[in-house]
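Enquirer: Quick one, structure for this:
(one chain, ligands or ions: 1)
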Amino acid sequence: MDYKRILTIQDISCFGQCSLTVALPILSACGVETVILPSAVLSTHTGGFTGFTFRDLSDDIPAISAHWQKEGIEFDAIYTGYLGSVKQIDMVTDIFNAFSAKKKCVKIVDPAMADNGKLYYGFDEVYAAEMARLCRNADIVIPNITEACFITGIEYKENYDEAYVMSVLEALDKDGMKNVVLTGIGYDEETTGVVIKLGDSIKHYTHKRLKQGSHGTGDIFASAFSGALLRGNDEYESARIAADYTLRCIENSAGDENHRYGAKFETAIPYLIELLNK
Ligand code: PXL
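Expert: Residues are numbered from 1 along each chain as shown. Model prediction:
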């Protein structure tokens, strides 16, 4: 099997099972060489915790990138998640340009900035507009419906129908985002799923909806999607694998009220490998 190398750029939330502490093990489990660029170090993630520390690593990013270029290091893909500031988004744009100039490099952006109609703590409209700009530079974007609304300026609706989702996808397309994996899309109480749009082709993978949610599931999904894609699966198959794995991680965490800060993704890694080997 072809051995691929991916760079993932996102923060380290030391506690909380999200961003790099999730992306690195999941991508490695997919059999992909995983290079990390930590954008910041936080004691915990920002969802549901107060008083967390935040060490911005922006100043190191250009020097790390320059060193890699000097060493001739190349990537088959770059996947970005939570980024700490507008400045960092600009730096990531530079990294996209530098590393896709010589070699084909798939740029995957999860605009991890919002959920349930609201931006995450610390982000504002300026940040959202800048993230939209990064999305325009990507080959594939993985927003949830809230993020897609912030990117397009379409009003967020808690209850929506297929026509609304199609209008969001159309707006993303007009804005330059041709390939989109829109997560958390369901039209009834029992089901949810992922809408995969590749140019003019639109498919919806649906599965059961679980009542409880937990933090970090977007990162689990995006990491498994990126890993499955690099393993040679197409976008639809990668989204299906990532969705089934994420569902299993949420099921793993069900009933543990003390574990709402993250999903127990580790014990489901054998299941992910099983899905990849099918
Ligand atoms: O899971 C997304 C994420 C990543 N990193 C940090 C976060 C969040 C979401 O809140 O706060 C620091």
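Enquirer: Which positions in the stretch 1-150 of the chain make contact with the ligand?
Expert: Contacts of the stretch 1-150 of the chain with the ligand, taken as C-beta under 6 Å from any ligand atom, map to 11, 13, 18, 19, 42, 45, 46, 47, 82, 112, 120. Any C-beta I mention is one placed from the backbone N, CA and C, and that applies to glycine too.
Enquirer: For the biggest helix by length in the chain, name the packing helices and strands.
Expert: Scanning the chain for the longest helix, with DSSP state H as the assignment, gives helix 235-253. With contacts taken as 3 or more C-beta pairs under 8 Å, 6 or more residues apart in numbering; DSSP states H and E, helix 235-253 sits against strand 179-183, strand 191-198, strand 201-208, helix 217-230, helix 269-277.
Enquirer: 7 Å instead?
Expert: With contacts defined as 3 or more C-beta pairs under 7 Å, 6 or more residues apart in numbering; DSSP states H and E, the packing partners of helix 235-253 are strand 191-198, strand 201-208, helix 217-230, helix 269-277.
Enquirer: So for residue 56, which of those sits nearest?
Expert: Nearest to residue 56 among those is helix 217-230 (19.7 Å), distances taken as C-beta to C-beta.
Enquirer: quick one: pLDDT of the residue nearest to residue 227 when sequence neighbours are not counted?
Expert: The shortest distance from residue 227 to any non-neighbouring residue, by C-beta to C-beta, 6 or more residues apart in numbering, is to residue 30 (2.8 Å). As predicted, residue 30 sits at a pLDDT of 98.
Enquirer: The one 4 residues further on now?
Expert: Model confidence at residue 34, expressed as pLDDT, equals 98.
Enquirer: Enumerate the beta-bridge partners assigned to it.
Expert: Beta-bridge pairing for residue 34 (DSSP bridges): residue 6.
Enquirer: Against residue 75, how distant is it?
Expert: As judged by C-beta to C-beta, to the nearest Å, residue 34 and residue 75 stand 10 Å apart.
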